[in-house]
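Novice: need a structure here:
(chains A, B and C)
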Amino acid sequence: MTEFLQQLGQNTRTSFTKLGRGTFFLLQTLSGTLSVLPRPRLLLNQMYSVGVLSFLIITISGLFVGMVLGLQGYYILSDFGAEETLGVMVAASLVRELGPVVSALLFAGRAGSALTAEIGLMKATEQLSGMEMMAVDPIKRIITPRFLAGFLSMPLLAALFSAVGIVGGQMVGSGLLGVDEGAYWSQMQANIDFQDDIINGVIKSIVFGFVASWIALFEGYDAIPTSEGVSRATTRTVVNSAFSILGLDFILTALMFGDN
Amino acid sequence: MQHTSTQDTFVGLFVASGIVGLFFLAMQVSNLSSFTEHDSYTITARFSNSGGLKVKSPVSAAGVKVGRVSAISFDPKTYESVVQMNIDSQYNTLPDDTTASVFTAGLLGEQYVNLEPGGSDDYLKNGGKIEITQSAIILEKALGQFLFKSAEEKK
Amino acid sequence: MDNSVTPQNSLVSVQNLSFSRGNKKIFDDISLEFERGKITAIMGPSGTGKTTLLKLIGGQLFPEQGTITVDGNNVHRLRRAELYNLRKRMGMLFQSGALLTDMSVFDNVAFPLREHTHLPESMIRTLVLMKLQAVGLRGARKLMPNELSGGMARRIALARAIALDPMMIMYDEPFTGQDPISKGALVHLIKSLNTILGLTSIVVSHDVHETAAIADYIYVISEGKVVGQGTPKEIEQSESDWVLQFMTGAADGPAHFHYPAKDYVDDLLSTGNRY
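Specialist: Numbers count the residues shown, from 1 in each chain, chains lettered A, B, ... in the order given. Just a heads-up that it's a prediction; the model follows:
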């Protein structure tokens, strides 16, 4: 029993230590922002590997999610004779929830794991250490541009996901199932609020992008510098990002949509 | 540091399409396009019950949208609902004896204010008041009355 | 002895250094001097913390006790910016080469120049080609690090380490895992860079012959202590058991062949424990 408690105490302490290291790491990363701004090239390269390479998976997933929503929504709504509100249902679910959340989860799986592996391998092959010995701060040179790229790409990816999804829902709804196209769009426009729905969705995706990039980069930077350590860190990135994204989604939803 | 111009092009395309996506959400999906305030003037109407009317609910005349509800408050003295509406200034020829009623779009749809123009030669101005109003029909009440009546008739 | 190192003439000076990792004491109150313009070698069995020593000198790790001064600066008292300025004058060759894997050979060598100077690209090109020529790999400038052999990667890393014309270079196990030809090439390079550029070199290695061939002064470290020091000749004639075992490669000696364990017979006869 004492052993169990000791172990528990030990584990708790380890997690707090890690959170502390992570926070310190985040502050260092953020403090590097000013030194990245005069070198947009660094940011651009990372926007490519973080944003552009996630583009395809995000748009294709968005299309399918929208099409499924159109199909499912139609069956439920037609029971109540409310097929015209299909557009509202598809758009609200995408803009408020599925867009930010699913694209953030995909982002963690596609870009986050790649970032962790990249940074972890750089650590394992002494590239980060070598950079330090060349008097180049690896946080400013390597971490900050990647962080900024992730943080800036996420809202764009989420917006793409939602937009493609809404078009996908329309394709299924009015193309296959015969919902009036005009009603699909006009009901949507009448009921989706710019401030409450779109802006809040964008805020969510910015928060998710911030957290997912932070976790991915920190896990890589904090990885045990061996191949096993890096592979474990990659797994942790995906798991921890998913937990954080879904947990934060609940909190943000409660804050944003609570008083309606 | 392999920066090629193709990479730049792809990043450019990515950012542009993301912004187009955001723009699409703002203009096509949400009410932002109809939200852009033209010049408008404010009128108020008092209802004994404004039902499910909300801020931003549409105000229409003869089925055409002419404005939006901008505020709803409860008057603690008269126990009435005070509804403030912004009407597009291009519709500045509403007579001052216009009737305002709270209607429901369809059986279960959203509620809106319907304006029924009267015959007066004077027009409503900014800050004007609509004197004749008809409250929202509360479905439960109407059903209750109907059932009560039909029960009485059977006797 | 007139060839003993005097603190006045040393570029790097380690005094009463102690450092431990976990419960293991890696350095126990050791003092070392590295003379200007000379090649000083640190030798010792694997796991004696030779790489750790280089990281301590580079200011990447902090000692528990003792001081390390490089060119008159106490490395661990410097502020961050000062430390970074000092590091620009210290080259380090990592065991793996530590080349940046997403850049070509040319860009790798140009990296410190691009990061720390505002030279025009044409001048950077000239400098990079000069450094690559010095290590004999000017023709390999377009290759990516994953296309290089281990020896080539190390030579490229060396070209990168001298890109900013440092005052000293630290070599971390430069000969490990190299075929005889690349070993020979590296021995030649270290020696010639030292004489031509007047660099101070610190070589950490356990390759006895290669190191003895180029070093001016050798420290032999074992179990956190300096167990022998002197010129290569003096080391060869040393009577210390430690040094003898290390230099001749005897399997058993002061450094035991067996990991500490209880008595063999007792261990075999005891039952009940899984291990």
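Novice: Once you drop chain neighbours, what's closest to whichever residue of the stretch 151-275 of chain C sits closest to chain B?
Specialist: Nearest to chain B, among the residues of the stretch 151-275 of chain C, is C:Arg160, at 14.1 Å (Cβ to the nearest Cβ). From N, CA and C alone the C-beta is placed, and that goes for glycine too. The shortest distance from C:Arg160 to any non-neighbouring residue, by Cβ to Cβ, 6 or more residues apart in numbering or on different chains, is to C:Val109 (4.9 Å).
Novice: Test my guess that the one you found contacts C:Lys131.
Specialist: Yes. Contact criterion Cβ atoms under 8 Å: C:Val109 and C:Lys131 qualify, at 5.6 Å.
Novice: List the residues that are in contact with both of the two.
Specialist: C:Ala159, C:Arg160, C:Ala163 (Cβ atoms under 8 Å, 6 or more residues apart in numbering or on different chains).
Novice: Contact partners for the closest residue to the last one other than its chain neighbours?
Specialist: In this structure, C:Ala163 finds its nearest non-sequential neighbour in C:Pro112, 4.7 Å apart by Cβ to Cβ, 6+ apart. Shown here is C:Pro112, whose contacts under the criterion Cβ under 8 Å, 6+ apart are A:Met134, A:Ala135, A:Val136, C:Lys88, C:Arg160, C:Ala163, C:Leu164.
Novice: and if you look at C:Arg154?
Specialist: Contacts of C:Arg154 by Cβ under 8 Å, 6+ apart are C:Leu93, C:Gly97, C:Pro174, C:Gln178, C:Ser182, C:Leu186.
Novice: for C:Asn273, helix, strand, or coil?
Specialist: coil (DSSP: H, G, I helix; E, B strand; the rest coil).
Novice: Share the number of residues neighbouring it, please.
Specialist: If you count neighbours by other Cβ atoms under 10 Å in any protein chain shown, C:Asn273 ends up with 6.
Novice: picking that back up, quick one: which of the shared contacts of C:Val109 and C:Lys131 is most hemmed in?
Specialist: If you rank the shared contacts of C:Val109 and C:Lys131 by neighbour count (other Cβ under 10 Å), C:Arg160 sits at the top with 29 neighbours.
Novice: where's that one, which helix or strand?
Specialist: In this assignment (DSSP states H and E), C:Arg160 forms part of helix C:150-161.
Novice: Alpha carbons only: can I get that helix in PDB?
Specialist: The C-alpha trace of helix C:150-161 is given here as PDB (Å, rounded to 0.1, in the frame of the first residue of the first chain):
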ATOM      1  CA  GLY C 150      30.300   8.100 -42.000                       C
ATOM      2  CA  GLY C 151      33.800   9.300 -42.700                       C
ATOM      3  CA  MET C 152      32.600  11.900 -45.300                       C
ATOM      4  CA  ALA C 153      29.900  13.100 -42.900                       C
ATOM      5  CA  ARG C 154      32.600  13.700 -40.200                       C
ATOM      6  CA  ARG C 155      34.800  15.600 -42.700                       C
ATOM      7  CA  ILE C 156      31.900  17.800 -43.700                       C
ATOM      8  CA  ALA C 157      31.100  18.400 -40.100                       C
ATOM      9  CA  LEU C 158      34.700  19.400 -39.600                       C
ATOM     10  CA  ALA C 159      34.400  21.900 -42.500                       C
ATOM     11  CA  ARG C 160      31.400  23.300 -40.800                       C
ATOM     12  CA  ALA C 161      33.200  23.500 -37.500                       C
END
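Novice: that older thread, if you count what's nearby, which of C:Val109 and C:Lys131 comes out ahead?
Specialist: C:Val109 (29 against 23).
Novice: Contact residues of the stretch 101-250 of chain C facing chain A?
Specialist: For the stretch 101-250 of chain C, the residues in contact with chain A (Cβ under 8 Å from any Cβ of the partner chain) are C:Thr101, C:Phe111, C:Pro112, C:Glu115, C:His116, C:Ala157, C:Arg160, C:Leu164.
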